[in-house]
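Enquirer: Pasting the sequence and the predicted model now:
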Amino acid sequence: MRDEGRAHPSSLIPHPSPFRLDPARPAWYYPRVMNPLLHTLLANRPLLSAFSAWLVAQLLKTLIFAYLEKQVNWRRMVETGGLPSAHSALVVGLAAGVGLNDGWQSTAFAICLIYALVVMYDAIGIRREAGKHADLLNELLLISVIRDLYKQREKLRELLGHTPIEVFAGALIGIVMALFVNSR
């Protein structure tokens, strides 16, 4: 005989919600305006590792280009190519953050590592070759009779991919930022 009025014992076990605030923390820890989802995202160390590595790489890239070009171009904060690789910093920061958080033998780390390797291979190989092709096509347009036909056409972007040293520098930033974020 089954009692329809009672809840099943397994439904009485509280399941941790990613949106629930930690009761062990004091009330002043949570600003009143902070959304619990935002708090959850900001407490995610692998995610913080990845985005802080990306931000540091983009800031460094902007500063390096500002020094070389003698003027600040804020578009560099969102452009691809250049030293260091922000893509590499992002994916290596994520992989290192997951490794430090979940363990180096976890499935999540293995997935992040493979993802990072694919992104870095793509940055060195395919995207760099596309940049070389854009450079060659821009050069051909400058020296050929076609240039009169394409006066209104904008120049192709040449800085798409990365050299191995740019990718290595980005990966190093990713590792350092993951160590920094996870040391707190």
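Expert: Thanks, I have the structure now.

Enquirer: Would you state the helices of the chain in chain order?
Expert: 36-42, 45-69, 86-102, 107-124, 126-143, 164-183 (DSSP state H).

Enquirer: Please identify the deepest-packed of these.
Expert: Stretch with highest mean neighbour count among the helices of the chain: helix 86-102 (a mean of 26; mean count of other CB atoms under 10 Å). To be clear about C-beta, it is placed using only N, CA and C from the backbone, and glycine gets the same treatment.

Enquirer: Mind listing residues that contact it?
Expert: 45-54, 56-58, 61, 80, 106, 108-109, 112-113, 115-116, 119-120, 123, 162, 166-171, 173-175, 177-179, 181-182 (CB atoms under 8 Å, 6 or more residues apart in numbering).

Enquirer: Which residue comes closest to Ser49 once chain neighbours are left out?
Expert: Of all residues not flanking Ser49 in the chain, Gly97 sits nearest, at 3.1 Å (CB to CB, 6 or more residues apart in numbering).

Enquirer: Helix or strand with the lowest mean pLDDT in the chain?
Expert: helix 126-143 (a mean of 64; mean pLDDT, DSSP states H and E).

Enquirer: ok, now how distant is Leu179 from Ala96?
Expert: For Leu179, the distance to Ala96 (CB to CB, to the nearest Å) stands at 7 Å.

Enquirer: in the chain, which ranges drop under the pLDDT threshold?
Expert: Residue ranges of the chain with pLDDT under 70: 1-22, 26-34, 127-161.

Enquirer: rerun that using 90 as the cut-off
Expert: Applying pLDDT under 90 to the chain picks out residues 1-43, 61-86, 120-164, 166-167, 182-184.

Enquirer: thinking again about what came up before, distance to Pro23 added to the helices of the chain, as CSV?
Expert: Shown next, in CSV, are the helices of the chain (distance: least, CB to CB, whole Å):
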stretch, distance to Pro23
helix 36-42, 13
helix 45-69, 21
helix 86-102, 22
helix 107-124, 27
helix 126-143, 48
helix 164-183, 24
